[in-house]
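S.K.: What would the 3D arrangement of this be:
(one chain, ligands or ions: 2)
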Amino acid sequence: MGDERAVKTLDHQENNVARDALESKQSFVMKCGGSTLAALPDSFFEDLKQLQASGIQPVIVHGGGPAISENLEKLGIETEFVNGLRRTTEAVLDVVEMVLAGSINKQIVRRIQQSGGRALGISGVDGALIQAQPVANAAEVGWVGDVTYVQSSIIEGITAMGYMPVIAPVGVDANGQRYNINADTAAGAVASHLGTDRMIVVTDVPGIMKEIEGTKQVLPVVTVQQIEDMIASGDIYGGMIPKVKAAVGCIQGDVQEVVIVNGSEPKVLSRVLQGETIGTRIVR
Ligand SMILES: Nc1ncnc2c1ncn2[C@@H]1O[C@H](COP(=O)(O)OP(=O)(O)O)[C@@H](O)[C@H]1O
Ligand SMILES: CC(=O)N[C@@H](CCC(=O)OP(=O)(O)O)C(=O)O
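M.R.: Numbering: from 1, shown residues only. Ligands and ions are numbered 1, 2, ... in the order given. From the prediction side, this is the model:
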């Protein structure tokens, strides 16, 4: 066998072709959180299918944090989060890949197919789709990755075949090392590299909320500055932090807006795409 470690670069070709093809059609990236996956009604997937049938190309990136935690617990493997990132040992990484690229990914693909849509599941490892490097605080969190590149020609290939890609957020580097990537971070990177106009983040709350005069209200629009202030004040905390950070990261590029919505709202995706005021829009 040759020295596999000598192969240091991963494929970076043809992304411009992919971008041109996707830009000629309306596409959007949808991130679907583990908090909401099981509760998503059939009507959510029917809406997705209708969008696909009308020629819009959805690209899905999913999470699955609660299912990972459940499986780790069953196996007696300890888990903890450091600033929203799961401390990922080799043993945790095995379970992360098994759950995200296996059961959760296939569950979503099956639900889309049941609604009559066409979906193809893939993880960030396949075709080196999501290329990653260790996060800055890897000494603390272990095998957690930051995205360095997204091989978007693979996404274009899948959509050109008439399927919507369903992507599990596991990354890979040139040495074949796998990384656990926060799903919001992965979705933001996919949206940025594809250059889609919009990313829709589907979660279990109706948007970014703030207490105003004693009542919790959904903010219809927030700017990057407001997000920074709300993180500093503690109004945005926990699982909302990686979402807003991913949003801020991608709206600094080609992505025009990121919308955070509750997946149980009827026809939420098509309503966002039609420009209805729903959830929270994050704008520059
Ligand atoms: N300002 C905020 N507005 C709404 N939700 C918030 C806010 N700050 C923190 N959160 C929390 O973020 C959670 C969503 O993040 P998370 O549980 O990680 O969802 P997902 O699995 O969809 O990624 C909400 O359920 C809520 O507890
Ligand atoms: C590094 C890191 O924390 N990765 C996440 C990946 C899954 C995820 O992000 O799922 P949600 O979108 O459901 O939270 C984890 O291990 O839980």
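
S.K.: Distance check, residue 200 against residue 127.
M.R.: 24 Å (Cβ to Cβ, to the nearest Å). For glycine as for every other residue, the C-beta is placed from the backbone atoms N, C-alpha and C.

S.K.: Residue 55 now?
M.R.: Counting by Cβ to Cβ, the gap from residue 55 to residue 127 is 25 Å.

S.K.: Can you pick out the residue with more neighbours from these two?
M.R.: residue 127 (17 against 8; other Cβ atoms under 10 Å).

S.K.: Residue 94 belongs to a helix?
M.R.: Yes - counting by DSSP: H, G, I helix; E, B strand; the rest coil, residue 94 falls inside a helix.

S.K.: Identify the residues contacting the residue nearest to residue 56 when sequence neighbours are not counted.
M.R.: Spatial nearest neighbour of residue 56, excluding adjacent residues (Cβ to Cβ, 6 or more residues apart in numbering): residue 26 at 4.8 Å. The contact partners of residue 26, by Cβ atoms under 8 Å, 6 or more residues apart in numbering, come to 55, 56, 57, 197, 273.

S.K.: so which of those is the most crowded?
M.R.: In those, the most neighbours by other Cβ under 10 Å go to residue 57, 24 neighbours.

S.K.: what's across from it in the sheet?
M.R.: Beta bridges link residue 57 to residue 27 when assigned by DSSP bridges.

S.K.: From residue 205, how far off is the closest residue to residue 266 other than its chain neighbours?
M.R.: Excluding the flanking residues, the one nearest residue 266 by Cβ to Cβ, 6+ apart is residue 43, at 6.2 Å. From residue 43 across to residue 205, the span is 19 Å (Cβ to Cβ).

S.K.: wait, what's in contact with the residue positioned nearest the centre of the chain?
M.R.: Using Cα atoms, centre = their mean, the residue of the chain that lies closest to the mean C-alpha position is residue 187, 3.1 Å off. With contacts defined as Cβ under 8 Å, 6+ apart, residue 187 is in contact with 29, 30, 31, 61, 169, 199, 201, 246.

S.K.: related to what we said a few turns ago, which one of residue 43 and residue 205 has more residues nearby?
M.R.: When residue 43 and residue 205 are compared for neighbours, residue 205 comes out ahead with 18 against 14, by other Cβ under 10 Å.
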